[in-house]
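> quick check, what structure comes out for this input:
(one chain, ligands or ions: 1)
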Amino acid sequence: MDTTTSVSSPRIVETDYLSFLINYAVDQNFSVAVWRLPNDNTKHLILSREHELLKPDAALEELPTGFIFAPFDTAGDRIFLKADFSFSFTDDTLKPPTTTLETASATWLQSKLGGIKRAKARHYAQEHTAGNPEKDAYIALVAKGIAEIEQGVFEKVVPSRSKSVDLPLDFDVVTSFLKLCHANPNALISFVSSPETGSWLGATPELLVNVEDGTTFKTIALAGTQPYREGMNLKAVAWTQKDIEEQALVERYIISCFKRIRLREYDEHGPKTVVAGNVLHLKSEFTVDMQATDFLQLGTIMLQLLHPTSAVCGMPLNPAVDFLRKYEGYDRQFYAGFLGPVNFKNNIHIFVNLRCAQLMETKAILYAGAGVTIDSVPEQEWEETEIKMNTLLNVISPTKNA
Ligand SMILES: C=C(O[C@@H]1C=C(C(=O)O)C=C[C@H]1O)C(=O)O
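Residues are numbered from 1 along each chain as shown. As a prediction, the model looks like this:
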């Protein structure tokens, strides 16, 4: 806050711009996406006049600059927000433009500067009823999953649940977004708000498809969860057989996708222990040289093959999908779908939408799931979903989690 008594107007800082642009989107019936990539201090915001629906086989590489937002259900509409205006922020200020789109956007914003006041950001709020199962019901769902694994129906399934919490009266989406950035340096932090999708805030550690400079493809196998406490020595963390096997299943799923397209040359690193906000996971990284392997559209191909991975659905895929449809008992909507910026300077960064909350007028719905294998203990899987929900709850409503 400017505490001097000079007559000059206060400096416009990042939060002022973000709030102004989010409110502008709501007033104009535009969509807005705000994000920060892992281990980066630049925040990005785009405004989109109208959303588009993407075909499941749409070539990512050919899309204009924008942001993709897709539901868990592969039959559901995949939303593409073309960037009509684009802004980047670092160190609390608007970055000078580096692309034609950013230059045009900066000129447009200049004409609006008089309207920028310190104000709370508003968001689109779609009413939606949370699943909110009682603890017993979720535990029974996990037990049912284990029983089907014992019968050989599948090897792994990822039952999830949602929980509705009241938003505090002083809830502010921009403040929450910035707190999430601070608490989750290794995650994609995102806020997507549109008339069609409602508003979603998240901090996901799970990369699905990354293409750098149109030449290097990357994806990860992430699974196994335990609480993280500051100062823990990551090299000394021990994992149970169950976690190791659960993560190995996700690795095998990714390798099976490579095999389906006869891609044999990939680098695999890991698994190693990584921090994701308040939890630890096991992670392996897969990298492919797209030119050497002659797979120039590998991003598009792998997105089709990978989603939904066995990190969020199960293995084999089809019986796991059937199980979730039949017994999970609620609509995941955009939870465990995918999202991220596409074709900003020839890069694609698509993540699985985990550790997320759907924002209503006065409530938020939190979502989380847990990987169930033959060795799962239902009560522990419930605890795991509670801990995962805390990633968001700690930030949007800290008192609820006292
Ligand atoms: C399903 C979620 O997370 C996934 C499941 C994990 C697990 O079961 O250990 C770990 C990371 C994610 O791949 C979630 O956060 O909701």
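> what distance do you get for Val26 to Leu188?
As judged by CB to CB, to the nearest Å, Val26 and Leu188 stand 23 Å apart. For glycine as for every other residue, the C-beta is placed from the backbone atoms N, C-alpha and C.
> do Ser376 as well
28 Å.
> comparing the two, which residue is more hemmed in?
Neighbours were counted for Ser376 and for Leu188 using other CB atoms under 10 Å; Leu188 has more, 26 against 22.
> got the residue ranges for the strands in the stretch 51-200 of the chain?
Along the stretch 51-200 of the chain, the segments classed as strands by DSSP state E, counting those that start in this stretch run 51-54, 66-70, 78-82, 85-90, 93-94, 156-157, 160-166, 188-194, 198-204.
> next to the ligand, which bits of the protein? Give me the list.
Counting by CB under 6 Å from any ligand atom, the chain comes close to the ligand at 158, 160, 206, 222-225, 281, 311-312, 354-355, 368-371, 388.
> which helix or strand contains the one residue in the stretch 101-250 of the chain that gets nearest to the ligand?
Closest approach of the stretch 101-250 of the chain to the ligand (CB to the nearest ligand atom) occurs at Thr225, with a separation of 3.6 Å. Thr225 belongs to strand 216-227 when assigned by DSSP states H and E.
> which parts of stretch 227-237 are buried?
Tyr228 (16 or more other CB atoms under 10 Å).
> and that stretch, how far apart are its ends?
Terminal residues of stretch 227-237 lie 11 Å apart, using CA to CA, to the nearest Å.
> contacts for that stretch?
Gln226, Lys272, Thr273, Val274, Val275, Ala276, Gly277, Asn278, Val279, Leu280, Ile387 (CB atoms under 8 Å, 6 or more residues apart in numbering).
> tell me the mean pLDDT for the helix or strand where the last one lies?
Assignment of secondary structure by DSSP H and E places Ile387 within helix 378-396. Looking at helix 378-396 alone, the average pLDDT works out to 97.
> picking up where we left off before, list the buried residues of the strand holding Thr225.
Phe217, Lys218, Thr219, Ile220, Ala221, Leu222, Ala223, Gly224, Thr225, Gln226.
> point out the other helices and strands that the helix or strand that that strand is followed by packs with.
Next in sequence after strand 216-227, counting helices and strands by DSSP H and E, comes helix 241-260. Helix 241-260 makes packing contacts with strand 216-227, strand 267-276, strand 279-289, helix 298-306, strand 314-315 when contacts are defined by 3 or more CB pairs under 8 Å, 6 or more residues apart in numbering; DSSP states H and E.
> most tightly packed of those?
strand 314-315 (a mean of 26; mean count of other CB atoms under 10 Å).
> what's the angle from the strand holding Thr225 to helix 298-306?
Strand 216-227 runs at 40 degrees relative to helix 298-306, counting by axes from the mean of the first three to the mean of the last three CA atoms, to 10 degrees.
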